[in-house]
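**Q** Here you go, sequence then predicted model.
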Amino acid sequence: MRASRIRLLAAAGATLATLALTACEDGTGTQDEGASQPASTVTADTSAKSPSTPSSGTSADGTAANDPAQAGGGANGDKDNGKDNGKAGGSGSDDGFPDRVACNGSNTTVTVKPVPRPVNHMLITVKNKGSKLCDLTYYPVLRFDEMQWAPQPFEASKPQAVVSLSPGETAYAGVLLSAADGSGDGGTTGRKLAVGFHGATPNSDGGPSALPSLPAGGVYYDSSLAVTYWQQSMDDALTP
């Protein structure tokens, strides 16, 4: 009896194996979820990008590549920079006179006259007769006749800024001709006067001299001869 039962179980197992094999072959069976996929069904995706490599037109931080607004360059960036440079580097000035020039004998009218106060003084008046703003630097350089020396300036009269003249404006300088107490020496009478101009630096050429007329009897001067710096007002030019 025991041997017959064993044979029956063996036969049943064989029958079940045969049925399972038949089901797999005709496509009606199911596969185990844990079964491995055939190697032939797995292909490599060669078009995939590396996570660390930005795609075309995009930077690593997600902004558009070659964007002038982000990079600060490119055609638009250069154009904007050009506009800024044009604004910052423009020529001319905001005072309405883009072509400032030096005042000298060619663009001014110069007159001289003795004054009663202070005693032994003469006033030089310069008027801008041109159409451009002109600058008077330092002090007038005086030369009577053929004199070989130049009068020194009163340093106390030096202004804080260069005197500038718009067209039609005037400026002044005072001249001490001789010592009131007679302490000067080498006194003589000048018949002709040349008024010279400094350039941008002391003793540099400021342009043509002016040749103002002197009184008919000339002007007496001695070794005390001295001159003020150019002044904006007559009172400053004649202040002892």
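**A** That came through, no problem.

**Q** now the helices for the chain?
**A** According to DSSP state H, the chain carries its helices in the segments 2-25, 68-71, 74-88, 234-237.

**Q** Can you name the residues that contact Gly105?
**A** Listed by C-beta atoms under 8 Å, 6 or more residues apart in numbering, the contact set of Gly105 reads 195, 197, 207-211. (Glycine included, C-beta is placed from N, CA and C.)

**Q** Report pLDDT for it.
**A** Gly105 is assigned a predicted lDDT (pLDDT) of 97.

**Q** so where's the chain uncertain?
**A** 1-98, 240 (pLDDT under 70).

**Q** Now do the strands in it.
**A** Here the chain has its strands, by DSSP state E, at 101-102, 108-115, 121-128, 134-136, 141-144, 152-153, 163-165, 170-176, 188-190, 193-196, 219-221, 226-227.

**Q** helices or strands next to the last one in the packing?
**A** The helices and strands touching strand 226-227, judged by 3 or more C-beta pairs under 8 Å, 6 or more residues apart in numbering; DSSP states H and E, are strand 152-153, strand 170-176.

**Q** Could you say which of the ones you listed is packed most deeply?
**A** strand 170-176 (a mean of 23; mean count of other C-beta atoms under 10 Å).

**Q** what angle separates that one from strand 121-128?
**A** 160 degrees (axes from the mean of the first three to the mean of the last three C-alpha atoms, to 10 degrees).

**Q** Export only the CA atoms of strand 170-176, formatted as CSV.
**A** What follows is strand 170-176, C-alpha atoms only, in CSV (Å, rounded to 0.1, in the frame of the first residue of the first chain):
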residue,chain,number,x,y,z
THR,A,170,37.1,143.2,-16.8
ALA,A,171,39.9,142.5,-14.3
TYR,A,172,42.5,144.6,-12.6
ALA,A,173,46.0,144.8,-11.2
GLY,A,174,47.6,147.5,-9.1
VAL,A,175,51.2,148.8,-9.6
LEU,A,176,53.3,150.5,-7.0
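
**Q** packing partners for that strand?
**A** On a contact count with 3+ C-beta pairs under 8 Å, 6+ apart, strand 170-176 meets strand 121-128, strand 226-227, helix 234-237.

**Q** Looking at those, which is nearest to Arg100?
**A** strand 121-128 (11.6 Å; C-beta to C-beta).

**Q** and the closest one, which strands flank it?
**A** Using DSSP bridges, the strands paired with strand 121-128 in its sheet are strand 108-115 (antiparallel), strand 170-176 (antiparallel).

**Q** thinking again about what came up before, what's the farthest-apart pair in the contacts of Gly105?
**A** Gly207 and Leu211 (13.4 Å).

**Q** Look up how far Tyr172 lies from the closest residue to Thr125 other than its chain neighbours.
**A** Distances taken as C-beta to C-beta, 6 or more residues apart in numbering put Thr111 closest to Thr125, at 4.9 Å, once the chain neighbours are dropped. Separation of Thr111 from Tyr172 (C-beta to C-beta, to the nearest Å) stands at 10 Å.
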